[in-house]
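Q: have a look at this prediction, sequence included:
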Amino acid sequence: MSEPSWTVVVPVKRLDVAKSRLRGALPGVPHEALALALALDTVRAVLACDAVAALLVVTDDPRAAAAVRAAGARVLPDAPDAGLNAALRHGAGAVDGPVAGLTADLPALLPAELGEALRATADTPGVRHFVADAPGDGTVLLAAPAGVPLDPRFGAGSAAAHAASGALPLAGGWPSLRRDVDTPADLAEAARLGLGPHTAALAARRPAVAPG
């Protein structure tokens, strides 16, 4: 197995505005705590991946920055403050060598699946590759070899946008990598796959029941 070479860039929004469609998904759990747990489980899996040499989190949220730094990630302030793609370009610009952009909402991510996806890019060297999300229209991972700009196109219809920009889709199954979480239904599906410890701990909470 080759030495780890990838730097993964994970943008994390300010927690008070992140994952708005998940608000209220776990009764009794503060929304910011859930958004942070999703990011921390993503970070945990990335750091455990044998293909990853470094993890760079781009964020302006002080709570998220402190938590991911404690987990072992480098933190870069989101200087552009202009959305996901600008944050990814900013992070990629600070990296020498192969770089991959990854969404911060993959609480079931298995390190082995991320490693398989990154290594699969070697089959067609010199071009960008992407992994579509479970529905197939979004993107969870965009990878660029050394010397090739990341050129992220995340957002609505991003799988088609990345393909149109010349990136090649990776066809592996990788259910934990493809299962990003935007809605309560997504969270339930991630739970069926197996949540990371931070999100699992919140999902296990139950609101207190008042005595009758």
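A: Thanks, I have it. Numbers count the residues shown, from 1 in each chain.
Q: against which helices or strands is whichever strand or helix holds H198 packed?
A: Element membership for H198, per DSSP states H and E: helix 197-203. For helix 197-203, the packing partners by 3 or more CB pairs under 8 Å, 6 or more residues apart in numbering; DSSP states H and E come out as helix 31-47, helix 184-193. Using the backbone N, CA and C atoms, a C-beta is placed for each residue, glycine as well.
Q: quick check: L55 touching P11?
A: No - counting by CB atoms under 8 Å, L55 does not reach P11; the two are 12.0 Å apart.
Q: about what we covered before: so which bits of the helix holding H198 are buried?
A: H198, T199, A200, L202, A203 (16 or more other CB atoms under 10 Å).
Q: which one of the residues you listed sits closest to G166?
A: G166 lies nearest to T199 out of the buried residues of helix 197-203, by CB to CB, at 34.5 Å.
Q: number of residues surrounding P125?
A: 8 (other CB atoms under 10 Å).
Q: doesn't it belong to a strand?
A: No - looking at P125 with DSSP: H, G, I helix; E, B strand; the rest coil, it is coil, so not inside a strand.
Q: tell me the pLDDT at the residue nearest to it when sequence neighbours are not counted?
A: Spatial nearest neighbour of P125, excluding adjacent residues (CB to CB, 6 or more residues apart in numbering): P145 at 6.3 Å. Looking at P145, its pLDDT reads 97.
Q: just give the number of residues close to P145.
A: 18.
Q: what's near enough to touch the closest residue to V29 other than its chain neighbours?
A: Nearest residue to V29 in three dimensions, chain neighbours excluded: L202, at 4.9 Å (CB to CB, 6+ apart). Residues near L202 by CB atoms under 8 Å, 6 or more residues apart in numbering: L26, V29, A33, L34, A37.
Q: kindly report the same for V127.
A: Shown in contact with V127 (CB under 8 Å, 6+ apart): P145, V148, G166, A167, L168.
Q: which member of those residues is positioned nearest G138?
A: A167 (13.6 Å).
Q: ok, now how distant is that closest one from D180?
A: Look at A167 and D180: by CB to CB, to the nearest Å, they are 17 Å apart.
Q: can you check G126 too?
A: Using CB to CB, one gets 27 Å for the distance from G126 to D180.
Q: quick revisit: looking at L55 and P11, which one has more neighbours?
A: Taking neighbours as other CB under 10 Å, L55 and P11 compare with P11 leading, 26 against 23.
Q: and for the residue lying closest to the more buried one once chain neighbours are set aside, the neighbour number?
A: Counting by CB to CB, 6+ apart, P11 lies nearest to A87, which is 3.8 Å off, once chain neighbours are set aside. Neighbours of A87 under the rule other CB under 10 Å: 28.
Q: what residues sit buried inside the helix or strand containing A87?
A: According to DSSP H and E, A87 maps onto helix 84-92. Under the neighbour-count criterion of 16+ other CB under 10 Å, helix 84-92 has L84, N85, A86, A87, L88, R89, H90, G91, A92 buried.
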